[in-house]
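Participant: just to be clear, the model below is a prediction. Sequence and coordinates:
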Amino acid sequence: MSAAAVVDGPTAATPSAPRRPRLLAGLRSDRPVPLEKHLRLHGPRGQLDLIAEVEASGLRGRGGGGYPTGRKLQAVAAQRGRPVVVVNGTEAEPVSGKDKLLLRHLPHLVLDGAVAAAAAVGAREAIVVLDRHAATERAIIERAIETRSRRRLDGKVALRLAVSPGGFVSGEETAVVQLLNGRPAKPAFKPPLPFERGVGGAPTLVQNVETLAHVSLIGRHGARWFREIGTEDEPGSALMTVSGSVRRPGVYEIPYGTPLDSLVAEAGGWSSEPQAYLLGGYFGAWIPAARADGLLLSESSLRRQGASLGAGALVALPEHACGLVESARVARYLASESAGQCGPCVYGLDAIAGALEQLARPSRDGVPQPRLRRWLDQVQGRGACRHPDGTARFVDSALEAFSGELELHLRGRCSGRGQPVLPLGGYAR
């Protein structure tokens with residue numbers, strides 16, 4: 001797999017033969033793939049029964065939730081009223097850059113998927129929502145929409161762009177719908193759900209960028225083609241943002257079920273031996289390197305380790321970093337990103353972050369672990385949204401993965417050295 005550097009943005013790495021890239025086919029490192037080349041590469045939009053093909057393909061959402069995409073399409077199409085399609089391009093996960101890469105370099109693949117999904121559910125409008133910091137991606141998508149409009153490529157489906165204020169919770173699908181309805185971009189988990197009544201009160205399909213890129217290809221090639229790679233239960237490919245102690249950090253396309261060691265090898269191998277892997281982003285989980293031997297990048301394999309692919313991110317934590325210090329920084333970041341809608345988030349996450357920060361400072365007077373674990377249990381399932389759950393899962397995995405470091409801290413010592421590793425803002429900014 002070769003890595004192609006992208007100036008001022010996520011790095012793209014596309015597989016070499018014999019595994020032909022799918023989503024990343026035709027990718028260039030210097031500029032977006034123009035519409036003409038995109039159409040030569042993929043052909044016109046498919047004429048298949050999209051909902052049936054997507055359901056048969058087994059495609060699941062690639063934004064972190066993993067909900068079956070075909071089921072979502074069916075649910076929206078079955079509602080009364082004219083639906084709306086929303087392309088969630090906010091990508092608020094700090095260690096993920098895959099969606100931004102697609103928007104920046106393969107915009108027409110994403111827009112094709114949005115238009116195909118809109119036509120399938122009967123929508124006349126597809127709205128692309130981007131983070132306000134994504135200025136380059138915004139300019140590229142604006143130009144792509146203008147080009148398609150001049151060519152009258154999308155039939156009765158109108159594409160438009162909207163901008164999110166940014167922030168970790170603003171990327172959650174109900175927060176995106178709230179934003180488009182003129183309200184603050186905060187999650188709202190009370191019924192009705194978006195597929196029932198979303199943007200402007202209409203049934204709304206919200207899908208992330210990578211998911212719709214897959215939809216575009218399934219519409220052209222069908223479910224059987226999609227299932228040619230991956231596993232029986234988890235078919236297809238996925239994009240992974242790989243960072244940390246690898247020689248070629250970047251975005252890689254892999255079939256589900258790829259061994260973790262193979263992905264690391266494609267990323268150039270280790271730049272320094274890792275002590276642990278963070279899978280799935282900041283709502284994911286740490287896995288000690290000693291437990292990662294033979295690990296496959298599939299939900300079924302990762303579930304046995306208490307992890308998941310989540311937002312499609314893998315961070316190899318270098319040996320010189322302190323896992324407790326890094327996790328405490330992330331816990332404080334997540335606490336600061338609260339939507340401020342409930343006590344478990346406002347007070348619980350602040351207390352959890354404070355306790356982990358205290359444990360991360362080498363001292364014999366650390367917070368008793370039973371108290372911290374009790375707080376982790378108390379916030380789960382009690383929030384107005386899932387932000388407390390994801391944060392608690394991350395912190396709980398850190399306490400387990402770095403138990404040896406924790407014992408060292410309680411004796412007044414720390415093995416960490418050097419600069420912080422994990423970013424607390426957007427990827428590659």
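Facilitator: Yep, it's here.
Participant: I'd say residue 284 and residue 307 touch.
Facilitator: Yes: the criterion here is C-beta atoms under 8 Å, and residue 284 meets it with residue 307 at 6.0 Å. To be clear about C-beta, it is placed using only N, CA and C from the backbone, and glycine gets the same treatment.
Participant: more neighbours: these two, which one.
Facilitator: Shown here are residue 284 and residue 307; by other C-beta atoms under 10 Å, residue 284 has more neighbours (27 against 21).
Participant: which ones are touching the more buried one?
Facilitator: For residue 284, the contact set (C-beta atoms under 8 Å, 6 or more residues apart in numbering) comprises 278, 307-308, 310-311, 313, 393-394, 397.
Participant: repeat that for 10 Å
Facilitator: Applying C-beta atoms under 10 Å, 6 or more residues apart in numbering to residue 284 gives the contacts 64, 93, 95, 277-278, 302, 306-311, 313-315, 390, 393-394, 397.
Participant: any idea which helix or strand carries residue 44?
Facilitator: If you go by DSSP states H and E, residue 44 is not part of any helix or strand.
Participant: just the strands in the stretch 101-250 of the chain please.
Facilitator: Assignment of strands within the stretch 101-250 of the chain using DSSP state E, counting those that start in this stretch yields the ranges 125-131, 158-164, 204-208, 237-244, 250-255.
Participant: may I have the third one as CSV, with CA atoms only?
Facilitator: Taking C-alpha atoms only, strand 204-208 is exported to CSV below (Å, rounded to 0.1, in the frame of the first residue of the first chain):
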residue,chain,number,x,y,z
THR,A,204,-35.0,12.6,7.3
LEU,A,205,-32.2,10.2,6.3
VAL,A,206,-29.0,11.2,8.0
GLN,A,207,-25.9,9.3,6.8
ASN,A,208,-22.2,10.0,7.2
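Participant: tally of neighbours for the residue nearest to residue 69 when sequence neighbours are not counted?
Facilitator: Of all residues beyond its chain neighbours, the one nearest residue 69 is residue 59 (4.5 Å), with distances taken as C-beta to C-beta, 6 or more residues apart in numbering. When neighbours are counted by other C-beta under 10 Å, residue 59 registers 23.
Participant: same question, residue 361
Facilitator: There are 14 residues near residue 361, going by other C-beta under 10 Å.
Participant: returning to what we had before: of the contacts of residue 284, buried ones?
Facilitator: By neighbour count, with 16 or more other C-beta atoms under 10 Å, the contacts of residue 284 hold 64, 93, 95, 277-278, 302, 306-311, 313-315, 390, 393-394, 397 as buried.
Participant: restricted to strands, list those.
Facilitator: Among the buried ones among the contacts of residue 284, the members falling in strands (DSSP state E) are 277-278, 313-315.
Participant: can I get those in TSV with distance to residue 143 and pLDDT?
Facilitator: What follows is these, written out as TSV (distance: C-beta to C-beta, whole Å; pLDDT from 0 to 100):
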residue	distance to residue 143	pLDDT
277	38	98
278	35	98
313	28	97
314	32	98
315	33	98
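Participant: nearest to residue 113 among those residues?
Facilitator: Nearest to residue 113 among those, counting by C-beta to C-beta, is residue 313 at 21.3 Å.
Participant: which ones are touching that closest one?
Facilitator: 64, 93-98, 239-243, 251, 278-282, 284, 427.
Participant: ditto for residue 347
Facilitator: Counted by C-beta under 10 Å, 6+ apart, residue 347 has contacts 335, 338, 375, 379.
Participant: out of these, which two sit at the greatest distance?
Facilitator: 338 and 375 (14.8 Å).
Participant: of the two, who's got more company?
Facilitator: The neighbour count for residue 338 versus residue 375, taken as other C-beta under 10 Å, is higher for residue 338 (25 against 21).
Participant: measure the closest residue in space to the more buried one that isn't next to it in sequence to residue 169 for me?
Facilitator: Counting by C-beta to C-beta, 6+ apart, residue 338 lies nearest to residue 345, which is 4.3 Å off, once chain neighbours are set aside. As judged by C-beta to C-beta, to the nearest Å, residue 345 and residue 169 stand 9 Å apart.
Participant: next, show the common contact partners of these two.
Facilitator: With C-beta under 10 Å, 6+ apart, residue 345 and residue 169 have common neighbours 334, 337-339, 385, 387.
Participant: ok, these vs residue 359, which is closest?
Facilitator: Using C-beta to C-beta, the shared contacts of residue 345 and residue 169 come closest to residue 359 at residue 334, 16.1 Å.
Participant: helix or strand for the closest one, which one?
Facilitator: Using DSSP H and E, residue 334 falls in helix 323-336.
Participant: after that helix, which helix or strand is next?
Facilitator: Next element after helix 323-336 (DSSP H and E): helix 343.
Participant: shouldn't residue 177 be in contact with residue 206?
Facilitator: Yes: counting by C-beta atoms under 10 Å, residue 177 does reach residue 206; the two are 6.7 Å apart.
Participant: which residues are common contacts for those two?
Facilitator: Joint contacts of residue 177 and residue 206 (C-beta under 10 Å, 6+ apart) are 84, 86, 88, 129, 193-194, 198-199.
Participant: farthest pair in those?
Facilitator: 129 and 193 (17.6 Å).
Participant: neighbour count winner among those two?
Facilitator: residue 129 (22 against 17).
Participant: list the contacts for that one?
Facilitator: Applying C-beta under 10 Å, 6+ apart to residue 129 gives the contacts 86-90, 161-164, 170-171, 176-177, 179-180, 185, 206, 209.
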